[in-house]
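Enquirer: When you get a sec, could you give me coordinates for this:
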Amino acid sequence: MVKMFRNNRNTLIIALIAVVNALGYGIIIPIQYSYGLTYGLSDFQNGLLFSLFSFCQFLATPIIGRLSDKYGRRPLLITSIAGTALSFFMMAFAPNALFLFIARALDGITAGNIPVASAVISDTTTKENRARGFGIIGASFGFGFVFGPAISGLTVGISSHLPFIIAGTIALIAVVITTIFLPETNKHIGEVKKEKLFNFKALWHSLFAPATGPVFLITFFYFLAFACAIIYGFQPFTQKILGVTITQNAYLFTLFGTIGLLSQVFLVQRFVKKFGLRKAFSSAIIITAGSFLLMFLSRSLAVFVIAAVGLGLFNGFAQTLIPTILSRETDERSQGTMLGLNASYQSMGMIFGPILGGVLATFAIPLPLLAGAVILLLCFFLSFRVLRPGVHKESAF
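Expert: So this is what the prediction gives:
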């Protein structure tokens, strides 16, 4: 990896961009619920605030990708990171709740830069090194999701605005570094065919494909459950039911991220090798569902932490194995198309999950965790429909 950074400076810059994205998200998520409460947001309104980012990201990502093909990677990366920096400062100094929504919308609109960053990797690496380059992006995300919540935990006690100021400052540094050091890597600027940005017909029909349809359904429901229970439901439960402070909440997210990163790096492949891909996948889903259920039932921090450790371990398994299974169910020519469709279903789950969590929390604070467990039980049954013998690999052509 060090050699790759030395031989290709662009990879180092792209890793920094990925860290900035993950750090910003990691800093904000553990404290956004409490921050919204200080502006008078209800549980339902907080759920809308969480989902707004994913909704805007879903709309903006294909547009930013197409614009980078037409006008170049560098200007789109600089613009998108600058937008992210501005959104963090808007959160820090928001005069009222409306500005929180504007800030999260702006961050979502400009957060579609990871596909552009991935395009830079494709532009500047050989086929042999490309997978390693994409792996660096994944590792950088893991780094950000571990240290982002830690930054929140260390600084939110000083001022509730300080974590957002730090996130914005980090993004500004990334803007400067990208502007000074990243050259334009797109050698085919403007050579793009006119295609639909959103092919909703293809998105709908993909659900009925024999090989990949069940995988797409699992992706949607899995991320619906995760966003409902963890992205939204985690914070109101720990603060209102368990009496956890905002700082302690941030440290819980750090613990969750650390265990998830370690499981993805060191345990997933061993688990698959021992039990087989489908059995490992089904087991990870049902254990994650059990972790949600234990969280729902817990009324002590110790029990909740035990459940969070199990969740960190096996959620990492499931999220890693979904694209692995999809690649097995897809022919070589259609990998990019199918993974793009999968990302769309993931985004839709992340859009509707916080809204569902916000609605359920208005009835009872623990309900988002129970809903997550129930939805994952559906994913568990769907998992028996993947990797079926005799089902031909799917093609987009």
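
Enquirer: where does Ser327 land on pLDDT?
Expert: pLDDT for Ser327: 73.

Enquirer: I meant Ile355, not that one.
Expert: Ile355 is given a pLDDT of 94.

Enquirer: same check, this time on Lys393
Expert: Taking Lys393 on its own, its pLDDT is 65.

Enquirer: Over to Thr254?
Expert: pLDDT, Thr254: 87.

Enquirer: all strands for this protein, in order.
Expert: For the chain, strands defined by DSSP state E do not occur.

Enquirer: Mind picking out the helix or strand in it with the poorest mean pLDDT?
Expert: helix 2-7 (a mean of 46; mean pLDDT, DSSP states H and E).

Enquirer: so where's this structure uncertain?
Expert: Counting by pLDDT under 70, the ranges of the chain that qualify are 1-9, 112-115, 118, 121-122, 124-140, 188, 190-199, 331-337, 339-340, 390-397.

Enquirer: what's the domain layout of it?
Expert: Here the domain parsing of the chain from automatic domain parsing is 1-182, 200-397.

Enquirer: between the ones you listed, which gets nearest to Ile189?
Expert: With C-beta to C-beta as the criterion, Ile189 lies closest to domain 1-182 of those, at 5.3 Å. The way it works is simple: take the backbone N, C-alpha and C, and place the C-beta from them, glycine included.

Enquirer: Can you list the residue ranges for helices in the stretch 151-300 of the chain?
Expert: Secondary structure of the stretch 151-300 of the chain (DSSP state H, counting those that start in this stretch): helices at 162-181, 200-205, 213-226, 234-240, 246-262, 268-275, 277-297.

Enquirer: Could you export those helices as CSV, including mean neighbour count and distance to Gly72?
Expert: Listed next are the helices of the stretch 151-300 of the chain as CSV, based on neighbours: other C-beta atoms under 10 Å; distance: least, C-beta to C-beta, whole Å:
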stretch, mean neighbour count, distance to Gly72
helix 162-181, 19, 12
helix 200-205, 11, 28
helix 213-226, 24, 31
helix 234-240, 22, 39
helix 246-262, 21, 33
helix 268-275, 15, 36
helix 277-297, 22, 39
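
Enquirer: nearest to Arg328, of these?
Expert: Of the helices of the stretch 151-300 of the chain, nearest to Arg328 by C-beta to C-beta is helix 277-297, at 7.3 Å.

Enquirer: Contacts for that closest one next, please.
Expert: Contacts with helix 277-297, where a contact means C-beta atoms under 8 Å, 6 or more residues apart in numbering, come from 218, 222, 225, 229, 237, 268, 271-272, 274-275, 303-304, 306-308, 310-311, 313-315, 317-318, 321-322, 324-325, 328, 366, 369-370, 372-373, 376-377, 379-380, 383-384, 386-387.

Enquirer: if you set the cut-off to 7 Å instead, what comes out?
Expert: Outside helix 277-297, the residues that touch it by C-beta atoms under 7 Å, 6 or more residues apart in numbering are 229, 271-272, 275, 303-304, 307, 310-311, 314-315, 317-318, 321, 324-325, 366, 369-370, 372-373, 376-377, 379-380, 383-384, 386-387.

Enquirer: With stretch 223-238 instead?
Expert: Here stretch 223-238 makes contact (C-beta under 7 Å, 6+ apart) with 29, 33-34, 43, 47, 50, 244, 249, 252, 292, 346, 349-350, 352-354, 356-358, 361, 365-366, 368-369, 371-372, 375-376.

Enquirer: repeat for stretch 259-271
Expert: Against stretch 259-271 from outside (C-beta under 7 Å, 6+ apart): Gly142, Val146, Ala280, Val309, Gly312, Leu313, Asn315, Gly316, Phe317, Thr320.

Enquirer: can we see that at 6 Å?
Expert: Residues outside stretch 259-271 that contact it (C-beta atoms under 6 Å, 6 or more residues apart in numbering): Gly142, Val146, Ala280, Val309, Gly312, Leu313, Gly316, Phe317, Thr320.

Enquirer: Please indicate which of the residues you listed are buried?
Expert: Among those, those classed as buried by neighbour count (16 or more other C-beta atoms under 10 Å) are Gly142, Val146, Ala280, Gly312, Leu313, Gly316, Phe317, Thr320.

Enquirer: Check those and tell me the two furthest apart.
Expert: Checking the buried ones among the contacts of stretch 259-271 with C-beta to C-beta, the most distant pair is Val146 and Ala280, at 23.8 Å.

Enquirer: ok, Ser34 - contacts?
Expert: Ile246.

Enquirer: gap between it and Ile246?
Expert: Going from Ser34 to Ile246 by C-beta to C-beta, to the nearest Å gives 5 Å.

Enquirer: Could you do Cys379 as well?
Expert: 31 Å.

Enquirer: Among the contacts of stretch 223-238, which ones are in helices?
Expert: 29, 33-34, 43, 47, 50, 249, 252, 292, 346, 349-350, 352-354, 356-358, 361, 368-369, 371-372, 375-376 (DSSP state H).

Enquirer: ok, of the residues you listed, which come out buried?
Expert: Counted by 16+ other C-beta under 10 Å, the ones in helices among the contacts of stretch 223-238 give 29, 33-34, 43, 47, 50, 249, 252, 292, 346, 349-350, 352-354, 356-358, 361, 368-369, 371-372, 375-376 as buried.

Enquirer: Just the closest of the contacts of stretch 259-271 to Leu207, please.
Expert: Distance to Leu207, by C-beta to C-beta, is smallest for Thr320 among the contacts of stretch 259-271, at 22.6 Å.

Enquirer: The closest one: what's it in contact with?
Expert: With C-beta under 6 Å, 6+ apart, Thr320 has these contacts: Gln264, Val268.

Enquirer: State the distance from it to Ile31.
Expert: In terms of C-beta to C-beta, Thr320 sits 27 Å off from Ile31.
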